[in-house]
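**Student:** Quick one, fold the following:
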Amino acid sequence: MKMMNFKSLIAKFQLSQQKGQLKFGEFSFPDSLKSPKHMLVCLPDGLRELTLVKQFLPMLGETFRTADITLLAMPGVRVSDIYPRKGFNILSPSAEQVTWTGLAKKSFLKLLADYKFDVIIDLNFESSQFTSSVLLNFPNAIRVGKGNHRGEPFYNLEIKTRYLRDERNIYKSLFDTLGAIKTGRAPSSTTLHSNP
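**Tutor:** Residues are numbered from 1 along each chain as shown. Next up, the predicted model:
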């Protein structure tokens, strides 16, 4: 237990150092979200959440038809058995691509950078140091997450839903809102907050 706390403290320190060194891009919402070319979706690690997210993947693919969509699994979680490959790339980082503190290694971040993601959607409801390290390494991408979760500088667009614990409806609201932004409709049952 002590080793886990020590790792977590070191990871938090490393992330805070990264935050202080970054310069983030500027975006115009909703225009910047209307025609992404390369999208990264950070998947949660729980089987229940993965099953819920899977139901909404067709909606995401339909909304962002022209984007190459890559699904990023959490380290040690294999999703290729339960997720469709049609229309999506799937990345599952190996143990060698993660530091001992749980952050993404530079070599893995370079691999991700080669994809040139312009939108990153974080579907984790619990803080993940691995996902945090990925989000911080894309300062020029639109980074979307659930409101009242990580906040800036991890996200520059937060979607807050009226649902507190109903994970299925939270995911539905997130995907509905992204679809509404893309098509220019007014989102329902959600609040948008963009960070400078």
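
**Student:** Look up how far residue 168 lies from the spatially most central residue of the chain.
**Tutor:** The residue lying closest to the centre of the chain (CA atoms, centre = their mean) is residue 122, at 2.0 Å. As judged by CB to CB, to the nearest Å, residue 122 and residue 168 stand 18 Å apart. Where you see a C-beta, it was placed from the backbone N, CA and C, and this is true even at glycine.

**Student:** coming back round to it: now do the same contact list for the residue nearest to the centre of the chain.
**Tutor:** 42, 131, 135, 143-146, 149-150, 154-155 (CB atoms under 8 Å, 6 or more residues apart in numbering).

**Student:** Would you reformat the residues you listed as TSV and include secondary structure and distance to residue 64?
**Tutor:** Below are the contacts of residue 122 laid out as TSV (DSSP: H, G, I helix; E, B strand; the rest coil; distance: CB to CB, whole Å):
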residue	secondary structure	distance to residue 64
42	strand	15
131	helix	20
135	helix	19
143	strand	16
144	strand	12
145	strand	17
146	strand	19
149	coil	22
150	coil	22
154	coil	21
155	coil	18
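
**Student:** who wins for neighbours among these?
**Tutor:** residue 143 (28 neighbours; other CB atoms under 10 Å).

**Student:** before we move on, the earlier item: any idea which of the contacts of residue 122 is closest to residue 113?
**Tutor:** Nearest to residue 113, judged by CB to CB, of these is residue 135 at 13.1 Å.

**Student:** how much space between the closest one and residue 67?
**Tutor:** 18 Å.

**Student:** In this structure, where's the longest helix?
**Tutor:** Secondary structure of the chain per DSSP state H: the longest helix is helix 2-21.

**Student:** surely residue 149 meets residue 125?
**Tutor:** Yes. Contact between residue 149 and residue 125 holds when scored by CB atoms under 8 Å: they sit 6.8 Å apart.
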